[in-house]
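Chemist: Here is a sequence together with a model predicted from it:
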Number of protein chains: 2
Amino acid sequence: MPEIRKDPVFGRWVIIASERGLRPNEFRPGSGSETAGYACPFCAGHEELTPPEIYSLPDGKGGWRLRVVRNKYPALVSDGSVENRRAGIYDRMDGMGFHEVVIETPEHGRLLEQMPAEAVADVIRTFTLRVREIRKDPRIKYVMIFKNHGRNAGASLVHPHSQIIAMPMAPLRVMQEIEGAADYLQERGTCVFCDILKAEAEFAKRVVAENADFMAVTPYASRFSFETWILPKAHASHFEEMPDAQAERLAEVLKTALTKLSVSLPELSYNLIVHTMPVREPSAGHYHWHIEIMPKLSHVAGFEWGTGFYINTVSPEDAAEILNSGKRYKA
Amino acid sequence: MPEIRKDPVFGRWVIIASERGLRPNEFRPGSGSETAGYACPFCAGHEELTPPEIYSLPDGKGGWRLRVVRNKYPALVSDGSVENRRAGIYDRMDGMGFHEVVIETPEHGRLLEQMPAEAVADVIRTFTLRVREIRKDPRIKYVMIFKNHGRNAGASLVHPHSQIIAMPMAPLRVMQEIEGAADYLQERGTCVFCDILKAEAEFAKRVVAENADFMAVTPYASRFSFETWILPKAHASHFEEMPDAQAERLAEVLKTALTKLSVSLPELSYNLIVHTMPVREPSAGHYHWHIEIMPKLSHVAGFEWGTGFYINTVSPEDAAEILNSGKRYKA
């Protein structure tokens, strides 16, 4: 069983999951779809290669257009106790939680941004639906939704998919972000993300995509070159409470942002993370859910990723200009 | 000039340094030492390819055995004001600071762990000497010493070198670590790192190297597979105050730890970071300087690096056992 351990200095929780080391990696030479006899477990017709299905959407022709399955190599598992076990100065608990995979399309080579907006909206509505289902388990405190795309972003499979990890505590970094936002509200009386939306609308030069409900920007203090955030214009703390109709507006802006990124950064790798409140917390005036997309340019900035100390060689203003021009970025 | 920007939510400072995007990268195809006419700027005989020398140690034969030079593509530069400039909700300041490179050896292919212990001690003493020199500038609050080795760790040059970045504020992550340690002292009355040393000596199974003055361990809540920390046994908050004689003991343990890592993890890439107190702070009972070595296994864990949420597939107990066995790790 995976184990969750707490760093005694930082209070940071780390998942130690040895079984996950066994998962295949298509990006390793000789193990991907170019290999004779390779069968992608996420393709239509290979359903028996995944763990049992949790949820799916039919394609109207007897097949599926989206599937949710348990992760075959989970970081957390559903049995186990969430009791804190202290041994001397160290704290740990069983690696209890849920780890699901959202297979976004039956088509192996169809990227998220190449899917029709309605299909992207289906993916988003599936995320919110799964969170509302998972939070019924009282042991779950936080649900993290993320997508790793491409080898430099740590993806191990090519077929478009996202992941959902539900855990018995909120990660430290999530709590720090929420506390930072709470401090801002305390000092200035407004939501920091609402203020960012106002400032970015006025400045305009960091806006990458926008419609009635959402805005995508390259944030002022971008840690990564071409980092892009998508924020809902109306204040809301919990992603999973998004009305279904808004999912279509989000799909539009997400498609535009990812398309611009993949045009300017060919062979794009990225991590996409939904930042949202812990599921047991009530609606909050200080926190504002949003999506952060972090492109991982090849072999750059390994140092910064581990230290929390960031050096970014492309200003967010330049990044937005390049993305909006449709030009290719040359490092 | 580079710019330092503050994230309004997190309070995290980010360096935006466009000039640094122009630096060469030997790991790109067709740009390294295998290329005809390539001249490594760090090799003996190529001194004119680096910015002016700041410090060096003679080799006794008219040449040098170690050099310190300004970074040709600095993240921070020495002119500029450290005044905070607020524009609306955003804070920024000039990218003032120092960015130096320590060329550890005149030999292109001699890794740090392959150098004699005395030469490694020279590198360490050079670090402490440079910090004591740099801190004379009252604008400097923190000096970060680090080494990126290998392409997966973000290194751009092969020739063994380390870097020193001096900055007008302490990075957020440094402050969070120090606050975590201060909380621990407040609650339990002891230094958390002294307690870690005691716990690890007793448990023994995470110890990788040890002598009279230093211990190297794979920490209990390792974020990265084969993460290794080196701690001085005697409590001390400031790295730069290390007695010169201790540098030799540190060199021994560092050599042993890096040798074990490179035996078990061929083509090892790693980031090595000295964690120490801000230079203007007095000696502290709660903080204990140490070195963190983070191996970056190929294309693994890109997600975790950007989020502060870590999944580690090799337990620190297994990592120490593999390192101490001299066996090669197979992912």
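Modeler: The structure has been received and is ready for your questions.

Chemist: Just the buried residues of stretch A:197-206, please?
Modeler: Buried residues in stretch A:197-206, counting neighbours by 16 or more other C-beta atoms under 10 Å in any protein chain shown, are found at A:L197, A:A199, A:E200, A:R206. (Glycine included, C-beta is placed from N, CA and C.)

Chemist: OK, contacts around the last one?
Modeler: Taking C-beta atoms under 8 Å, 6 or more residues apart in numbering or on different chains, we find A:R206 in contact with A:E200, A:V217, A:T218, A:P219, A:Y220, A:P316, A:E317, A:A320.

Chemist: tell me, which of those residues make contact with chain B?
Modeler: A:P219, A:Y220, A:P316 (C-beta under 8 Å from any C-beta of the partner chain).

Chemist: Keep only those of those residues that are in strands.
Modeler: Among the ones next to chain B among the contacts of A:R206, no member is found in strands (DSSP state E).

Chemist: ok, of these, which one's closest to chain B?
Modeler: Distance to chain B across the ones next to chain B among the contacts of A:R206 (C-beta to the nearest C-beta) is lowest for A:Y220, with 5.1 Å.

Chemist: what packs against the longest helix seen in chain A?
Modeler: Criterion DSSP state H: the longest helix present in chain A is helix A:244-264. Judged by 3 or more C-beta pairs under 8 Å, 6 or more residues apart in numbering or on different chains; DSSP states H and E, the packing partners of helix A:244-264 are helix A:117-134, strand A:207-210, strand A:214-217, strand A:228-232, strand A:290-295, helix A:316-325.

Chemist: Point out the residues in the stretch 1-150 of chain A that sit beside chain B.
Modeler: Counting by C-beta under 8 Å from any C-beta, the stretch 1-150 of chain A sits next to chain B at A:3, A:5-21, A:25, A:27, A:75, A:88-90, A:144, A:146, A:148.

Chemist: Filter the ones next to chain B among the contacts of A:R206 down to the buried ones, ChimeraX style.
Modeler: Buried subset of the ones next to chain B among the contacts of A:R206, written as a ChimeraX selection, criterion 16+ other C-beta under 10 Å:
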select /A:219,220,316
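
Chemist: JSON lines for the ones next to chain B among the contacts of A:R206, including distance to B:L66?
Modeler: Listed next are these as JSON lines, based on distance: C-beta to C-beta, whole Å:
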{"residue": "A:P219", "distance to B:L66": "40"}
{"residue": "A:Y220", "distance to B:L66": "40"}
{"residue": "A:P316", "distance to B:L66": "38"}
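
Chemist: what would the ones next to chain B among the contacts of A:R206 look like in TSV with pLDDT?
Modeler: Formatted as TSV, these follow (pLDDT from 0 to 100):
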residue	pLDDT
A:P219	98
A:Y220	97
A:P316	97
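
Chemist: I'd like to know which of the ones next to chain B among the contacts of A:R206 is nearest to A:A119.
Modeler: A:P219 (27.7 Å; C-beta to C-beta).

Chemist: Which residue comes closest to that closest one once chain neighbours are left out?
Modeler: A:W229 (5.2 Å; C-beta to C-beta, 6 or more residues apart in numbering or on different chains).

Chemist: who's that neighbour bridged to?
Modeler: A:V217, A:E292 (DSSP bridges).

Chemist: give me the low-pLDDT residue ranges for the stretch 1-150 of chain A?
Modeler: A:27-36 (pLDDT under 70).

Chemist: Most proximal residue of it with respect to chain B?
Modeler: For the stretch 1-150 of chain A, C-beta to the nearest C-beta, closest residue to chain B: A:G21, 3.5 Å.

Chemist: Chain neighbours aside, what residue packs nearest to that residue?
Modeler: That would be B:T313: by C-beta to C-beta, 6+ apart, it lies 3.5 Å from A:G21.

Chemist: mind listing what the one you found touches?
Modeler: B:T313 sits in contact with A:A17, A:S18, A:E19, A:R20, A:G21, B:S225, B:V300, where contact means C-beta under 8 Å, 6+ apart.

Chemist: Please determine how far it is located from B:F226.
Modeler: 11 Å (C-beta to C-beta, to the nearest Å).

Chemist: can you tell me which residues contact the most far-flung residue of chain A relative to its centre?
Modeler: Distance from the centre of chain A peaks at A:G88, with 35.1 Å (C-alpha atoms, centre = their mean). Neighbour list for A:G88: B:A199 [criterion: C-beta under 8 Å, 6+ apart].

Chemist: Let me know the closest of the contacts of A:R206 to A:S81.
Modeler: Nearest to A:S81 among the contacts of A:R206, with distances taken as C-beta to C-beta, is A:P219, at 39.3 Å.

Chemist: surely the closest one meets A:E227?
Modeler: Yes: under the criterion of C-beta atoms under 8 Å, A:P219 makes contact with A:E227 at 6.2 Å.

Chemist: shared neighbours of these two, anything?
Modeler: With C-beta under 8 Å, 6+ apart as the test, A:P219 and A:E227 both reach A:P316.

Chemist: how far does stretch A:237-248 sit from the chain's center?
Modeler: Centre-to-centre, stretch A:237-248 and its host chain are 15 Å apart (C-alpha atoms, centre = their mean, to the nearest Å).

Chemist: how about the helices in chain A?
Modeler: A:117-134, A:172-188, A:192-203, A:244-264, A:302-307, A:316-325.

Chemist: Buried residues, the first one. List them.
Modeler: Neighbour-count burial for helix A:117-134, with 16+ other C-beta under 10 Å as criterion, is recorded at A:117, A:119-128, A:130-131, A:133-134.

Chemist: ok, now the last one?
Modeler: Residues of helix A:316-325 classed as buried by neighbour count (16+ other C-beta under 10 Å): A:P316, A:D318, A:A319, A:A320, A:I322, A:L323.

Chemist: got TSV for those residues, with distance to A:S283 too?
Modeler: Shown next, in TSV, are the buried residues of helix A:316-325 (distance: C-beta to C-beta, whole Å):
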residue	distance to A:S283
A:P316	30
A:D318	37
A:A319	33
A:A320	31
A:I322	37
A:L323	33
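
Chemist: what's near enough to touch A:D244?
Modeler: A:R125, A:T128.

Chemist: at 6 Å instead, please
Modeler: A:R125 (C-beta atoms under 6 Å, 6 or more residues apart in numbering or on different chains).

Chemist: and it, how far is that from A:H275?
Modeler: 21 Å.

Chemist: Next: A:D183.
Modeler: 17 Å.

Chemist: Ok, A:L297 next?
Modeler: Applying C-beta to C-beta to A:L297 and A:H275 gives a distance of 22 Å.

Chemist: Domain boundaries for chain A, per the record?
Modeler: A:3-21+A:36-171, A:173-325 (automatic domain parsing).

Chemist: most tightly surrounded among these?
Modeler: Per-stretch averages of neighbours, counted by mean count of other C-beta atoms under 10 Å in any protein chain shown, single out domain A:173-325 among those, with a mean of 20.

Chemist: what about that domain, how long is it end to end?
Modeler: Separation of the first and last residues of domain A:173-325 by C-alpha to C-alpha, to the nearest Å is 34 Å.

Chemist: Same check on stretch A:255-275?
Modeler: So stretch A:255-275: terminal residues 18 Å apart, C-alpha to C-alpha.

Chemist: Give me the contacts around that stretch.
Modeler: Residues from elsewhere that reach stretch A:255-275 (C-beta under 6 Å, 6+ apart): A:113, A:117, A:120, A:145-150, A:152-153, A:208-209, A:216, A:228, A:239, A:290-296, A:322-323, A:326, A:328-329, B:303, B:306-307.

Chemist: before we move on, what about stretch A:235-243?
Modeler: Here stretch A:235-243 has contacts from A:128, A:131-132, A:191, A:194, A:274, A:276-277, A:283-284, A:287-289, using C-beta under 6 Å, 6+ apart.

Chemist: pLDDT on that stretch, on average?
Modeler: Stretch A:235-243 comes out with an average pLDDT of 97.

Chemist: what distance separates that stretch from the centre of its chain?
Modeler: So, by C-alpha atoms, centre = their mean, the centroid of stretch A:235-243 is 16 Å from its chain's centroid.
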